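# sequence plus predicted model, see below.
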Amino acid sequence: MNKKILITGSVLGLTAIALGAFGAHGLKALISVESQQTFETGVRYQMYHALFLLFVGSYSALNIKSKQIIFYLTVFGVLFFSGSIYGLATNELSGFDFKTIGFVTPIGGLMLIIAWAILLIKFLKINTDKS
């Protein structure tokens with residue numbers, strides 16, 4: 001599981017850098033400044049959670065079940081949150097109206113919050129778990 005988490009974190013980081021460069025250079029002439037800033041928000045949160053997964057995958061005090069839950073919440077949270085933001089920011093370039101699926105953005109954000117909350121709870125239990 002650790003390898004899977006670390007690979008996924010690396011892939012999310014790699015794609016965040018590529019998307020950030022694309023947003024800063026490739027989209028500059030195609031979308032508004034406000035949409036560029038929105039796109040950048042998606043990139044930033046994707047990178048934060050790439051680093052988060054790298055930490056989770058390398059942190060030995062977390063049990064495998066906690067890592068799995070955090071992993072899936074983070075992956076789907078990034079897909080829903082950042083993915084929908086990418087779609088919404090580039091909505092004017094697409095034939096699909098991403099506003100119709102904009103409701104997944106807060107669901108993705110909630111999943112990311114829950115992943116962090118689980119990690120916090122595990123940290124708070126360290127003294128009582130003999131870890």
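Done, it's in. Keep in mind it's a predicted model, so treat the numbers as computed, not measured.

# going forward, measure contacts and count neighbours with C-alpha atoms only.
OK.

# could you pull up phi and psi at the closest residue to L110 other than its chain neighbours?
Residue nearest to L110 in three dimensions, not counting chain neighbours: G77, with 7.4 Å by Cα to Cα, 6 or more residues apart in numbering. Main-chain dihedrals, G77, degrees, to the nearest 10: phi -60, psi -40.

# could you give me the average pLDDT of stretch 117-131?
In this model, stretch 117-131 carries a mean pLDDT of 82.

# ok, the one residue sitting closest to the centre of the chain - contacts?
Residue closest to the average C-alpha location in the chain (Cα atoms, centre = their mean): V78, at 3.0 Å. Shown in contact with V78 (Cα atoms under 8 Å, 6 or more residues apart in numbering): Y45, Q46, H49, G108, G109, L112.

# neighbour-wise, which of the residues you listed leads?
Sorting the contacts of V78 by how many neighbours each has (other Cα atoms under 10 Å) puts Q46 first, at 27 neighbours.

# and that one, how far is that from K65?
For Q46, the distance to K65 equals 23 Å [Cα to Cα, to the nearest Å].

# what does D97 give?
From D97 to K65 the distance is 38 Å (Cα to Cα).

# so the two - more neighbours on which side?
D97 (14 against 10).

# just checking, that one touches N91?
Yes - with contact defined as Cα atoms under 8 Å, D97 and N91 form a contacting pair (6.2 Å).

# thought I101 was touching N91, still the case?
No - at 11.3 Å, N91 and I101 do not qualify as touching, with contact defined as Cα under 8 Å.
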